[in-house]
Structure formats: C-alpha cells, structure tokens
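S.K.: Test case, fold it:
(one chain, ligands or ions: 1)
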Amino acid sequence: MPLSHPGRLPRPLMLSLVLMLGLGFLITSLLSYYHSRATIRESVVETELPLTSDTVYSEIQKDLVRPILISSMMARDTFVRDWVLAGEHDAGQMTRYLAEIMNEYGAFTAFFVSEPSHTYYQAKGVLKQVAEDEPRDRWYFRVREMSEPYEINADVDLANSDRMTFFINYRVLDYDGRFIGVTGVGLSVEAAARIIDEYQQRYERTVFFTDRQGKVTLTGREKGPLGLSSGQSIAEFQGLSQVLDALPTHDRASFEYRAEGAPHFVNVRYIPELEWYLFVDKDESDLFAAIQRTLLINLLVCLLVTVLVLLLVARVLRRYQQRIASLATTDSLTGLPNRRGFELLAGQAIAEARRDHSPLTAVVLDIDHFKALNDDHGHLAGDTVLRDFAGDLRAGLRQSDILCRWGGEEFVILFKGTASDIAHALSEKIRAMAEHKRYRFEDHELALTVSLGQSALTEADSLDSLIGRADRALYRAKQSGRNRVCIEHG
Ligand SMILES: Nc1nc2c(ncn2[C@@H]2O[C@H](COP(=O)(O)OP(=O)(O)OP(=O)(O)O)[C@@H](O)[C@H]2O)c(=O)[nH]1
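M.R.: Predicted coordinates:
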C-alpha cells in the first residue's frame, strides 16, 4: 500500500469497490423491479382485466333476465294471440295492454308488432307500419326469420326520442306454432351505464362497448379516463386503432398500447347477445408507480450503502496507513522519532533555518557506560532507564526542538532558532539533569551521566555533515572523560 496518500483510497481499489457494489446492487434492484413488473402485468392481463370484463358482462346479463321473462310472458299471453287472430280490431285494447305492462313491471318501453298488418303498437298508440326496405325496421324481419325464441338488441328507441335501449324481441306464435308477430319490452341503457360508472370508479378502469365496426355504443355516464363517448369510433384514438384491426378475429383478447404517452392494457370480449365488444381498459402508469418508487428507494439505499462502505473502508485504511507510517518513523521503546522520522523532521528544520536565516544547533547525546548498567542490572533495567531518560529529555526541551533516538543509548537533539552559546547552556543543563537524576528499577536507584557533542549549522552543511561534526565532538567528550559537552565548530 503506498504511504504517500494517507487517507485517500487507491483509485483501483475504489473503482473495484464502486463497480462491485454499484453493479451488484443495480443488477439485483433492476432484476427484482422487472420481475415485479412482469408479475403485475401478468396478473392484470391474465386475471384482473378478464375478471372485470366477466363481472360487467354478468351484471348486464342479470339486468336483462327480468325483461326477458316479462317478454316471454307477453309472447305467451292468450289475449295477445287471440286479439291478433281475431283481426286486430280495436288498437286501443293492445295499447292499453302494453301500457299496463309498462306500469306493472316498470319497463322503459313495451311493444307489439303484428305480422298480419305489420303494425307497430306501443303504450301510447300505433307508432307506425314496419317496412322491409326501412333500415330501422330490419330488426323485425331478422327476428321473423330467427330460429331462437328471442334476441337482445341494443338500438335507438323511436318512441323515446331515439334513446339507446336494450330491446328484448320475443317471437309470438299462434296455437299452431305459426309466427304472428314480435313483442317485448325495452330497457334503458342508463342502468348499464350506472354499472359501468361504478366499475370505472372502483377499479380505475375505462369500461365501454363498441359495435362490430368499433363504433362506441355505450360508455359510463362519466365517460371514463379516455373520454370516449357514444358514436365515436375507437379508430379515432391513438393506439386503439391497432386493436380495431384485430377485433374481428378474436372473441376475447388482451392488447397493450400507448395513448398520450401512457401505457395501457385493454381486454376485449365479444358479446354475442348484443353483437358488441366489451372493452375494459387500464392505464398502467399508476400500476407501476409504486414499484418504480420502490426501485428508486432501493437505488438510493444502494447508493447510500456504497458511499458508507467506501467511507468506512477509507477510514480503516487511513488508520492503518497512519499506524504503519508512525510505526516506520517512531521508536517503540521511547516513543520518540527514530532515525527515519528524524531525517524527515530534520530536513524540514534545516530548510526553514536556511529560509529564515536563523541559527540551528545539533547535539548528539550518549549515555555513559550504558553497557555496564545493562551488565549490572540487566537489559530490562537498561530499557527502563532509556525510556525514563527519554521522557525527561523530551520534557526538558521546547516543543519546537527536535529529539530522536538515534540508536542504542544515543539521542540527537536539534535546537531550532538557537545559536551555539545558548545551545551549549541547554546542553549543560541536560548534562546536569542526567547527573542528578535517579532512575528506579525494582529496588535500585540508578544514576547515570551523559556526554554531548555539539555543532552549529553552517552555510555549507548537509544534515550528514552537521551530525558528523556533532558526533566528532561527542567522541572528544567521551575521550576527555565523559559527562561533559564538547563543541566542534564548522
Ligand atoms: N537495555 C538496552 N540496552 C541497549 C539498547 N540499545 C543499546 N543498548 C546497549 O547499550 C550498550 C552500549 O554500549 P557501548 O556502545 O559499548 O557504550 P557504553 O557502554 O555506553 O560506553 P560509552 O558509550 O563508551 O560510554 C550496549 O551494550 C547495547 O547492547 C536498548 O534499547 N536497551
């Protein structure tokens, strides 16, 4: 690990961590997002939409059952059949009968069309004569040819301002099974529209019907999110036109399309009784909003975790780097800088002295006869004395002075901003302190003396030459009897 940028994560490590964590989180978040999306889509397309479609369909059928029963009863009524067979003499009798049916059963409209006279009777009187070439009367001639007893037809009601109505067209037969007309009741589509409204609101879906050509025949009263209204063709709606192309080939199908930028699911089923298609449409943007929110939160959490992991790793690395750096520059016994640490500090001190033209004095200190102390009292005693003496030495210097353990029982001091004479006085003070101090080891009081060699920084000096001179001075101090300070001038 490079020690040159303590506290900063090495770039390759940082990139690997970001890639591993970021990609890992991103991939798992996206996988779970797309999985949830697919599950929701499947549940909507396969289950929810068809279920809503079935429910709407069965509600409509349920509402049609009662009118079918009333129409069946009318088709079998002996009065109706006898009156036609007797020649339809009094139209008032038939209109009264139809009015009675309307009042009694609350039908929206009630009618009878006679085959012998082609007359269309309803509660208010005779409406008209049906004619084969009149498009609006085609339903009658279709029912006449039908093999089933009745049909449900959604059509406009001439007798009620052309309002959209579900008609139950029941075939009337005489006592010998011959066709003598069509009777039945009409049901306002209001009821169906109410059901549609309810479903649209409850399930937040658009429900509407179209004929086989894709023309909208029935919507809820509130039209629904797409704003479709009766009479419009779904071809007018962007996206839905492709559904229109597929309509004739499917009785029941699901499609996906986009409208106004929003994705939609639509389920279409054919209703044979009405010859209509029932559309149940869902705007899927809201559908995925919740999981999109979850994805965003996931990604934010992932980002946070990645940043926290990076910060944590950077912090741990910084600690280790600092520890390694300090181990490399500190002496473990005395806690003072070692020679390596000293070189870093001394280099800076010399540069400052040169820049500020301030004096700098170096002192090399050696404990006298330390070998004897070790030999007499043991290595542990020597260690204790070294540690305690180093503590005293440090305590006696200024904060700005540089002190290091040069090796063994040798120390180097740099007095910053201190001329030779003042440094000499300080060295003397240290010498005296060492001489008078006693160091305890077990129950011994240990005394020591120190020799010091001193030299002042000159213009031509390097750190080595400065220390070399101080070392020579120390040698002289040792040679001349120890426990003294010698100076070597540059
Ligand atoms: N206990 C202990 N002893 C050490 C340590 N470092 C060096 N020494 C010992 O210090 C002694 C230094 O001995 P010498 O270099 O002969 O010097 P001296 O005995 O102090 O004699 P002079 O320097 O000539 O006064 C050696 O015996 C080393 O083993 C240390 O960290 N702990």
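
S.K.: Show me where the stretch 251-400 of the chain has its strands.
M.R.: 252-259, 262-271, 276-283, 360-367 (DSSP state E, counting those that start in this stretch).

S.K.: what angle separates the longest one from strand 252-259?
M.R.: Between strand 262-271 and strand 252-259, the angle comes out at 150 degrees (axes from the mean of the first three to the mean of the last three CA atoms, to 10 degrees).

S.K.: just the third one next, same as before
M.R.: Direction vectors for strand 276-283 and strand 252-259, defined by the same axes, to 10 degrees, enclose an angle of 50 degrees.

S.K.: I'd like to know which elements the host helix or strand of residue 103 is packed against.
M.R.: Element membership for residue 103, per DSSP states H and E: helix 91-105. Packing partners of helix 91-105 (3 or more CB pairs under 8 Å, 6 or more residues apart in numbering; DSSP states H and E): helix 49-76, helix 78-85, strand 109-114, strand 119-122, strand 125-129, strand 179-188. Quick note: C-beta positions are derived from backbone N, CA and C, even for glycine.

S.K.: what residue ranges in the stretch 101-250 of the chain score low on pLDDT?
M.R.: Along the stretch 101-250 of the chain, the parts satisfying pLDDT under 70 run over 156-164, 191-192, 195, 222-226, 248-250.

S.K.: Which single residue of it ends up nearest the ligand?
M.R.: Across the stretch 101-250 of the chain, the shortest distance to the ligand (CB to the nearest ligand atom) belongs to residue 204, at 83.8 Å.

S.K.: residues near that residue, how many?
M.R.: Per other CB atoms under 10 Å, the neighbour tally for residue 204 reads 13.

S.K.: per-domain residue ranges of this protein.
M.R.: If you go by automatic domain parsing, the domain ranges for the chain are 77-188, 339-487.

S.K.: could the ones you listed go into JSON lines alongside distance to the ligand and mean neighbour count?
M.R.: Compiled in JSON lines, those are given as follows (distance: least, CB to the nearest ligand atom, whole Å; neighbours: other CB atoms under 10 Å):
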{"stretch": "domain 77-188", "distance to the ligand": "108", "mean neighbour count": "17"}
{"stretch": "domain 339-487", "distance to the ligand": "2", "mean neighbour count": "17"}
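
S.K.: Make JSON lines from these and add distance to residue 297 to it.
M.R.: Output for the domains of the chain, formatted as JSON lines (distance: least, CB to CB, whole Å):
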{"stretch": "domain 77-188", "distance to residue 297": "49"}
{"stretch": "domain 339-487", "distance to residue 297": "50"}
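
S.K.: Can you list the low-confidence ranges for the stretch 251-400 of the chain?
M.R.: Residues of the stretch 251-400 of the chain meeting the criterion pLDDT under 70: 273-274.

S.K.: Quick check, residue 426 in contact with residue 415.
M.R.: Yes - with contacts counted by CB atoms under 8 Å, residue 426 reaches residue 415, the gap being 6.3 Å.

S.K.: returning to that earlier point: how about the domains of the chain, which one is nearest residue 211?
M.R.: Comparison of those against residue 211 by CB to CB identifies domain 77-188 as nearest, at 8.6 Å.

S.K.: what's the first-to-last distance across the closest one?
M.R.: 24 Å (CA to CA, to the nearest Å).

S.K.: Give me the distance between it and the centre of its chain.
M.R.: 63 Å (CA atoms, centre = their mean, to the nearest Å).

S.K.: ok, which stretches of the chain are helices?
M.R.: Using DSSP state H, the helices of the chain run over 11-42, 49-76, 78-85, 91-105, 138-145, 190-203, 240-246, 285-329, 339-356, 370-377, 379-395, 420-436, 463-479.

S.K.: would TSV of those helices with distance to residue 447 be doable?
M.R.: Formatted as TSV, the helices of the chain follow (distance: least, CB to CB, whole Å):
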stretch	distance to residue 447
helix 11-42	54
helix 49-76	101
helix 78-85	142
helix 91-105	129
helix 138-145	132
helix 190-203	99
helix 240-246	106
helix 285-329	32
helix 339-356	28
helix 370-377	9
helix 379-395	10
helix 420-436	8
helix 463-479	18
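
S.K.: Out of those helices, which is closest to residue 166?
M.R.: Ranking these by proximity to residue 166 (CB to CB) places helix 49-76 first, at 6.4 Å.

S.K.: got the contact list for the residue of the stretch 201-350 of the chain found nearest the ligand?
M.R.: Residue nearest to the ligand within the stretch 201-350 of the chain (CB to the nearest ligand atom): residue 333, separated by 5.6 Å. Taking CB atoms under 8 Å, 6 or more residues apart in numbering as the criterion, residue 333 is in contact with 383, 386, 387, 390, 405.

S.K.: Mind doing that once more with 7 Å?
M.R.: Residue 333 is in contact with 383, 386, 387, counting by CB atoms under 7 Å, 6 or more residues apart in numbering.
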